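Q: Dropping a prediction and its sequence here:
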Amino acid sequence: MNIINRVLGKARRIILRPHVAMRPGRELNVDSIELNKINNQYGDWFVHPCVRYIPEGFVGHKWWMVVTPYPNYNSKMENPLLYYGDGNTDVPPTDWVLVGVVQDTHKEGYNADGNIFFDGNKLWIFWKESDTINTRKESGFKNMMGCCYDGKTFSKPRVFCHNPNDKSMYLAAPVVIKIGSKIQCLGVFSPIMNDIAKGKEYMFPRSIAVFSLSDNDLERGEFVFDKVVEQKYFKGCDFWHIDAFSYNGRYYCVETPINGEYVILGESVDGYSYNFFRKPLLHAHGYRPTPYLYKASGVVVGDKFYLFYPSKLKDGKRVHIFCSSMSMERLLKKI
């Protein structure tokens, strides 16, 4: 009977688990002990990872990550945190060391969606600021803020990208990336539809908004709205959180929907218009330890693709960052 139950259990897992390209990854140890010495409300719950690999290293470290805490779904604590990891190889380390809190909690509103960009000299950290006193002074209710880290201190945060002067637009998950010779910002663009009769707002994530950096200068410039580019993704895809990277002359984008059901990959020739593959990289159904996925980040080192993503632990009370890996060439053939 035990053998039969084991066989049936395995069969059920195979049926319930969709066909995916990658296996669930290993759990990373993102230090929360030092973090909670700063503020014990941060807890042990991390989302919105953005990971970058710097081959030559920056202040002695090759692996850098920004995450935001999200203890018990408390958006007030979604402050960008900077970490580094020391691996002696090109493989992402398991242990990550806290550098510091990039931006503290606002009296009103919150932070989210951190992003990292290395310009060859300084490490730039960007994040979305939502419904704060600063953003209310402008027509939009969300801005992309940013500062740089020189290895010792963070510069004073400033606005790098204003939400377009149109409240029918919603901008999320900003990603700063070099496309050709230009430093640009990509963000999820959603037109907002108002249902006056029901007194509700509905957001329809559809496309990527492109912002160009004035004078290509991060020290003094700002990202100015350029265009909206429609994306090619399958019917039913709930376009939401993204990250982008380049590999072998092409650009790639990882995307996670609002419901956290899966992570998919898109490919682009120009860096703006992505064709998303239907087969997920990962899918929440049948996933272990629990069926929960959120905003992911992608990095390629050599030919190895690393996918970083948050997932709930078995106790259901904490969310940690995990890392899956696979040969990029094999992955592209598989999906």
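A: Alright, I've got the coordinates.

Q: where does this structure dip in pLDDT?
A: 1-18, 88, 136-141, 163-171, 191-206, 286-291 (pLDDT under 70).

Q: now with 50?
A: 1-17, 195-196 (pLDDT under 50).

Q: which residues in it form helices?
A: 2-16, 33-38, 133-136, 328-334 (DSSP state H).

Q: who touches the nearest residue to Tyr309 once chain neighbours are set aside in this structure?
A: Leaving aside its chain neighbours, Tyr309 sits nearest to Ala296 (4.0 Å; criterion: Cβ to Cβ, 6 or more residues apart in numbering). To be clear about C-beta, it is placed using only N, CA and C from the backbone, and glycine gets the same treatment. Residues in contact with Ala296 (Cβ atoms under 8 Å, 6 or more residues apart in numbering) are 49, 241, 243, 254, 256, 263, 281, 307-309.

Q: Likewise for Ile183?
A: Taking Cβ under 8 Å, 6+ apart, one finds 117, 119, 176-177, 213, 216, 218 in contact with Ile183.

Q: Leu218 too?
A: So Leu218 contacts 117, 119, 122, 124, 148, 183 (Cβ under 8 Å, 6+ apart).

Q: Quick check: the gap between it and Asn79.
A: 22 Å (Cβ to Cβ, to the nearest Å).

Q: got it, and Met326?
A: In terms of Cβ to Cβ, Met326 sits 32 Å off from Asn79.

Q: and the nearest residue to Cys253 once chain neighbours are set aside, what does it touch?
A: Leaving aside its chain neighbours, Cys253 sits nearest to Gly266 (4.3 Å; criterion: Cβ to Cβ, 6+ apart). For Gly266, the contact set (Cβ under 8 Å, 6+ apart) comprises 231-233, 252-255, 274-277.

Q: ok, Lys72 touching Gln41?
A: Not quite, residue 72 is Asn, not Lys. No: counting by Cβ atoms under 8 Å, Asn72 does not reach Gln41; the two are 9.9 Å apart.

Q: give the contact list for the residue nearest to Asp150 when sequence neighbours are not counted.
A: Nearest non-adjacent residue to Asp150, counting by Cβ to Cβ, 6+ apart: Lys122, 5.8 Å away. Counting by Cβ under 8 Å, 6+ apart, Lys122 touches 148-150, 218.

Q: any idea which of those is closest to Gly316?
A: Using Cβ to Cβ, Tyr149 comes nearest to Gly316 of the contacts of Lys122, at 34.1 Å.

Q: does Glu129 have beta-bridge partners, and which?
A: Glu129 forms beta bridges with Asn111, Asn143, as assigned by DSSP bridges.

Q: so how many other residues sit close to it?
A: For Glu129, the neighbour count with other Cβ atoms under 10 Å is 24.

Q: The one 4 residues further on too?
A: Applying other Cβ under 10 Å, we find 11 residues neighbouring Ile133.

Q: mind checking how far it is from Pro157?
A: In terms of Cβ to Cβ, Ile133 sits 14 Å off from Pro157.

Q: now do Gly87
A: On the measure of Cβ to Cβ, Gly87 and Pro157 end up 29 Å apart.
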